[in-house]
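# Here is my input; please provide its structure:
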Amino acid sequence: MTERVVNADTITTEDVRGAMDRGELFVEYQPIVSLVTRRGVGAEALVRWRRDDTVLPASKFVAQIENTPLSGRLTYWVIETIAKELGEWLAGHADVYISINVPPEILGRGGLEYAAVRSGLRAHVGQVLLEITERGVPDQLGLNALNMMAEQGVRLALDDVFLTGANLAVLSRGRFEVIKIDRKLIAQLMERAPEPAWLPGLRSLLVHSQLQVIAEGVESRYQAEVLRQAGVQMGQGFLFSASLTARALMQFQAQDHAL
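Below you'll find the predicted structure:
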């Protein structure tokens, strides 16, 4: 399948509902690699839509179902799919985790817990990383639910971080263990270019906190090395791998990956 540019404005909520009903959605996994050991440490679950002769990424259609019942339905389906495709493998690889993007509107309403228990993924709670975007930090009910999940062993990540004061304010509200640096910042790391203004602040943050950091959109060895020297522990991006099927992820995980 090839990916082409699609005008997301032409995709409606009913289009996405139909795709779900017809079983056209599937999950791929973007490997996350340790910049220190060069081994895979986990993966981010990414929804894809096989639409006619193309494959659409989530960015082309998920926005159309935000704040609708389909948002929860899709998230619960992703949880069930992960459990079906990777549950047995996760049981045998306790050092690996899977990250799941969670829309704020479903937090605190009981659905996540129900889906995790029903699918069996609840048995691997320590291997689940829930990703929440800064712009999607939930209401107090949702925030309480997140913090309760953290007490039960679920790890929380703040996604699409730009290292601003607003980010730090959000971090103080929840029990986030991980931050994911937005790919637009990583793209600023170029050979023979001035050091980006955000990099010293990131170094300081890592020295004075216990946060784990994942850099998104790592595409060059130079970027990986600069990030590693800054103290960033993990990265994901095309330098390491494109998104993979569940079977391919298992094979990837068993290998060393030179940077």
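# Tell me where the stretch 51-200 of the chain is predicted with low confidence.
Under the criterion pLDDT under 70, the flagged ranges of the stretch 51-200 of the chain are 109, 134-139, 141, 166-168.
# What segments of it are helices?
When assigned using DSSP state H, counting those that start in this stretch, the helices of the stretch 51-200 of the chain occupy the ranges 69-91, 111-119, 140-151, 165-173, 183-186, 198-207.
# so how many other residues sit close to Q236?
Applying other CB atoms under 10 Å, we find 25 other residues in the vicinity of Q236. Every C-beta, even on glycine, is put in place using the N, C-alpha and C of the backbone.
# and the residue lying closest to it once chain neighbours are set aside, what is it in contact with?
Leaving aside its chain neighbours, Q236 sits nearest to I32 (4.7 Å; criterion: CB to CB, 6 or more residues apart in numbering). Under the criterion of CB atoms under 8 Å, 6 or more residues apart in numbering, the contact list for I32 reads G40, V41, G42, A43, E44, S99, I214, M234, G235, Q236.
# Could you rerun that using 10 Å?
When the contact criterion is CB atoms under 10 Å, 6 or more residues apart in numbering, the partners of I32 are 40-44, 96-99, 129, 180, 214-216, 233-237, 240-241.
# Which ones among those lie within helices?
Counting by DSSP state H, none of the members of these fall within helices.
# secondary structure class for the nearest residue to R73 once chain neighbours are set aside?
Using CB to CB, 6+ apart and skipping residues adjacent in sequence, the residue nearest R73 is M20, 6.8 Å away. Classification of M20 using DSSP: H, G, I helix; E, B strand; the rest coil returns helix.
# Contacts only, for M20.
Residues in contact with M20, defined by CB under 10 Å, 6+ apart, are W49, I65, L70, R73, L74, W77.
# could you redo the last one with a cut-off of 8 Å?
The contact partners of M20, taken as CB under 8 Å, 6+ apart, are L70, R73, L74, W77.
# separation between it and V78?
Counting by CB to CB, to the nearest Å, the gap from M20 to V78 is 11 Å.
# Ok, G92 next?
Plainly put, G92 is 22 Å away from V78 if you go by CB to CB.
# These two: which has the busier surroundings?
In this comparison of G92 against V78, neighbours counted by other CB under 10 Å, the higher total goes to V78 at 22 against 8.
# which parts of stretch 104-114 are buried?
Neighbour-count burial for stretch 104-114, counted by 16 or more other CB atoms under 10 Å, picks out P104, E105, I106, L107, G108, L112.
# Look up how far L90 lies from K84.
Between K84 and L90 the distance, using CB to CB, works out to 11 Å.
# Show me which of the two is the more surrounded one.
A side-by-side neighbour count of K84 and L90, using other CB under 10 Å, places L90 first with 21 against 14.
# who's in contact with the more buried one?
V96, I98, H124, Q127.
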